[in-house]
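Participant: The following comprises the amino acid sequence and a computationally predicted model.
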Amino acid sequence: MFYILFFILGAVFGSFLDCLIYRINEEKSILNRSYCLNCKKTLGILDLIPVFSYIVLLGKCRYCKSKIQFENFFVEVILGILFSFGYWFFFVSGLWLHGQLIISFIFYLILVFILSFIFIYDLKYYLIVDFIVYLGIVLSIIFNLIMKNNILNIFYGIVLGVIFFGIQYVISKGKWLGSGDILLGVFMGALLGFKITIVALLITYFSGAIIGIFLLLSKSKKEKTKLKIPLGPFISFAMFISFLFGEQLLNWYINLLII
């Protein structure tokens, strides 16, 4: 029952997330009613039920029959799954090592929303929206203070994130990554602290290398010269994995070295 409830909640937030991304990019108010991008018809309640409306309408506008972007449906489903997964992770699995389950779970839901925004927006528009990252930084610091984590550890994590991405930015003169990625380094350190930030950085570049190689192999010679891969999706993915499993991954790696 709880899995279904959190899936529905996640789908609702996924619908809002997709709307928010579009309206921020188009510089439109998020308070206006939703409408079909093709016929401009204002959508009713039955057109906006997350997941359900897309399936019932067969992925088409009720009024002009133009195709609704599959991305809308996909984002709703993914956030529904992540919200349900969060319930299992914090209240069923026993994998969360840091206590304060209710507070941690609420923060997890907010973090999923913020990281999903960063992931999708940078993937679509090659841009980091600063105020979303600032929100993540502030909430991460507040969360760590509530959890009574070592504030110096958080500070060192921020310094590591800034230096790591900042050096690359300076060396490449902004060609390898953008200034927004340095801000994500602050977010990473504020969320994870020093040790787990190292884990997140490794995941960022390991996952980036795998996807990068795959894309290079699948593209023609002409396409390879134009290939541009944003770093934000890999950073946000790494932060998500490290927030949940960073301690376990770090301990596994240390034990591997000892053996």
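Facilitator: Structure received.

Participant: pLDDT below threshold where in the stretch 1-150 of the chain?
Facilitator: Under the criterion pLDDT under 70, no range of the stretch 1-150 of the chain is flagged.

Participant: For it, which segments count as strands?
Facilitator: Using DSSP state E, counting those that start in this stretch, no strands are found in the stretch 1-150 of the chain.

Participant: What is the one helix or strand Ile213 maps to packed up against?
Facilitator: Per DSSP states H and E, Ile213 falls inside helix 179-218. When contacts are defined as 3 or more Cβ pairs under 8 Å, 6 or more residues apart in numbering; DSSP states H and E, helix 179-218 packs onto helix 101-125, helix 130-146, helix 151-172, helix 232-258. (Each C-beta comes from the backbone N, C-alpha and C, glycine too.)

Participant: To Ser34, which of these lies closest?
Facilitator: Proximity to Ser34, assessed across those by Cβ to Cβ, is greatest for helix 101-125 (17.7 Å).

Participant: helices and strands around the closest one, which ones?
Facilitator: Looks like helix 101-125 contacts helix 2-25, helix 70-88, helix 130-146, helix 179-218, helix 232-258 (3+ Cβ pairs under 8 Å, 6+ apart).

Participant: will you turn these into a markdown table that also has distance to Leu97 and mean neighbour count?
Facilitator: A markdown table is the format used below for those (distance: least, Cβ to Cβ, whole Å; neighbours: other Cβ atoms under 10 Å):
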| stretch | distance to Leu97 | mean neighbour count |
| --- | --- | --- |
| helix 2-25 | 21 | 19 |
| helix 70-88 | 15 | 19 |
| helix 130-146 | 14 | 17 |
| helix 179-218 | 11 | 19 |
| helix 232-258 | 6 | 18 |
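
Participant: can you redo those helices as a markdown table with distance to Ile102?
Facilitator: As requested, the helices and strands packed on helix 101-125 are exported to a markdown table (distance: least, Cβ to Cβ, whole Å):
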| stretch | distance to Ile102 |
| --- | --- |
| helix 2-25 | 13 |
| helix 70-88 | 11 |
| helix 130-146 | 11 |
| helix 179-218 | 19 |
| helix 232-258 | 16 |
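
Participant: Between those helices, which one is closest to Gly166.
Facilitator: When the helices and strands packed on helix 101-125 are ranked by proximity to Gly166 (Cβ to Cβ), helix 179-218 comes first, at 5.3 Å.

Participant: as a whole number, average confidence for the helix holding Ile213?
Facilitator: What helix 179-218 shows for mean pLDDT is 90.

Participant: switch to numbering from 9
Facilitator: Right, with 9 as the first residue, what we last looked at is helix 187-226.

Participant: now the angle between helix 240-266 and that helix, please.
Facilitator: For helix 187-226 against helix 240-266, the angle by axes from the mean of the first three to the mean of the last three Cα atoms, to 10 degrees is 80 degrees.

Participant: Please identify which of the helices and strands packed on helix 109-133 is closest to Ile126.
Facilitator: Of the helices and strands packed on helix 109-133, nearest to Ile126 by Cβ to Cβ is helix 240-266, at 4.5 Å.

Participant: Of all the helices and strands packed on helix 187-226, which one comes closest to Lys68?
Facilitator: Taking those one by one with Cβ to Cβ, helix 109-133 is closest: 22.1 Å.

Participant: in the closest one, what counts as buried?
Facilitator: By 16 or more other Cβ atoms under 10 Å, the buried positions in helix 109-133 come out as 112-113, 115-117, 119-130.

Participant: Pull the distance from that helix to the chain's centre.
Facilitator: 5 Å (Cα atoms, centre = their mean, to the nearest Å).

Participant: now do stretch 125-145
Facilitator: That offset, for stretch 125-145, works out to 8 Å (Cα atoms, centre = their mean).
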